[in-house]
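Enquirer: Fold the following.
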Amino acid sequence: MFVTGFPADAFGTNCYVVATAPGEQCVVVDPGIGVIDRLDAVLAEHRLHPAAVLLTHGHLDHTFSVTPVCGARGITAYIHPDDRELLADPAKAINSIDPRVLLGGLEWSEPDDVAPLTDGVALKLAGLEITVDHAPGHTKGSVMFRLPGGEGSADGAPLCLSGDVLFAGSIGRVDLPGGSMQEMVVSLRDKVLTLDDETVVLPGHGPATTIARERATNPYLRQVMEAIS
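Expert: Numbering: from 1, shown residues only. Below is the predicted model of the structure:
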């Protein structure tokens, strides 16, 4: 498995590219603000060909470049139905920032081809098997993507692209429209804490971590574990 990523120009949103190997098809996860040039460079350097774009949720800092990435290649964007409306109107998720500022005066348009993500489904894309975990709390339609370990992943460990559900030492905020601390706690309990300790977590913001590290040090996970012990 080949995985690489880089932060977007705004909010430090991580954009990831996942493939079975260089020179193959790939999926692009969360193409945020100002990523087009760097994404094109990564694709050219590793001879990768995008087959789909996967969105962990509908916030504009994760979806900003989805339409040009998909439109340039005629590929599908995948998002959970509970966040589908945010691809049509990203302002619905923002209560403190004028979306015109983020858009830089550009007119927003959604991708031509959008497909739904379903909890528990194993997507077969670009030679990969990617399991979808619906994990609301940050938004209604937040998801995580799991991939089995294999050659090229850290020590053969399974991977979890956690979006804004889980960060190194923290979790996603729950105070924006569609957010819910109650739903986040359930997602942490049922979707995060059930992952194997060796799982490598690639979050929507910040550095990579592991479930073992977060289980031991993340104060939010520790609170959930104490509540169910």
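Enquirer: Name the residues of stretch 159-175 that come out as buried.
Expert: 159-168, 171-172, 174 (16 or more other CB atoms under 10 Å). Where you see a C-beta, it was placed from the backbone N, CA and C, and this is true even at glycine.
Enquirer: Turn those residues into a markdown table, including distance to residue 136 and pLDDT.
Expert: A markdown table is the format used below for the buried residues of stretch 159-175 (distance: CB to CB, whole Å; pLDDT from 0 to 100):
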| residue | distance to residue 136 | pLDDT |
| --- | --- | --- |
| 159 | 21 | 97 |
| 160 | 16 | 98 |
| 161 | 16 | 98 |
| 162 | 13 | 98 |
| 163 | 11 | 98 |
| 164 | 11 | 98 |
| 165 | 9 | 98 |
| 166 | 13 | 98 |
| 167 | 17 | 98 |
| 168 | 21 | 98 |
| 171 | 12 | 98 |
| 172 | 10 | 97 |
| 174 | 10 | 96 |
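Enquirer: Out of these, which comes closest to residue 17?
Expert: Distance to residue 17, by CB to CB, is smallest for residue 161 among the buried residues of stretch 159-175, at 11.0 Å.
Enquirer: roughly how far out does the helix or strand containing the closest one sit from the chain middle?
Expert: Per DSSP states H and E, residue 161 falls inside strand 159-163. Mean-position distance between strand 159-163 and its chain equals 7 Å (CA atoms, centre = their mean, to the nearest Å).
Enquirer: what's the answer for stretch 110-130, then?
Expert: That offset, for stretch 110-130, works out to 12 Å (CA atoms, centre = their mean).
Enquirer: Now that stretch - C-alpha only, PDB.
Expert: Extracted C-alpha coordinates of stretch 110-130, given in PDB (Å, rounded to 0.1, in the frame of the first residue of the first chain):
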ATOM      1  CA  GLU A 110     -20.800  20.700  -6.500                       C
ATOM      2  CA  PRO A 111     -19.300  17.800  -8.400                       C
ATOM      3  CA  ASP A 112     -21.300  16.300 -11.300                       C
ATOM      4  CA  ASP A 113     -21.200  12.800  -9.900                       C
ATOM      5  CA  VAL A 114     -21.700  12.200  -6.200                       C
ATOM      6  CA  ALA A 115     -22.200   8.800  -4.600                       C
ATOM      7  CA  PRO A 116     -23.300   7.900  -1.000                       C
ATOM      8  CA  LEU A 117     -21.200   6.400   1.600                       C
ATOM      9  CA  THR A 118     -22.900   3.700   3.700                       C
ATOM     10  CA  ASP A 119     -21.900   2.600   7.200                       C
ATOM     11  CA  GLY A 120     -20.100  -0.700   7.200                       C
ATOM     12  CA  VAL A 121     -19.700  -1.000   3.400                       C
ATOM     13  CA  ALA A 122     -16.400  -2.100   2.000                       C
ATOM     14  CA  LEU A 123     -15.700   0.100  -1.000                       C
ATOM     15  CA  LYS A 124     -13.600  -1.500  -3.800                       C
ATOM     16  CA  LEU A 125     -11.800   1.300  -5.500                       C
ATOM     17  CA  ALA A 126      -8.400   1.500  -7.200                       C
ATOM     18  CA  GLY A 127      -7.600  -2.000  -6.100                       C
ATOM     19  CA  LEU A 128      -8.200  -1.100  -2.500                       C
ATOM     20  CA  GLU A 129     -10.800  -2.300   0.000                       C
ATOM     21  CA  ILE A 130     -11.900   0.600   2.100                       C
END
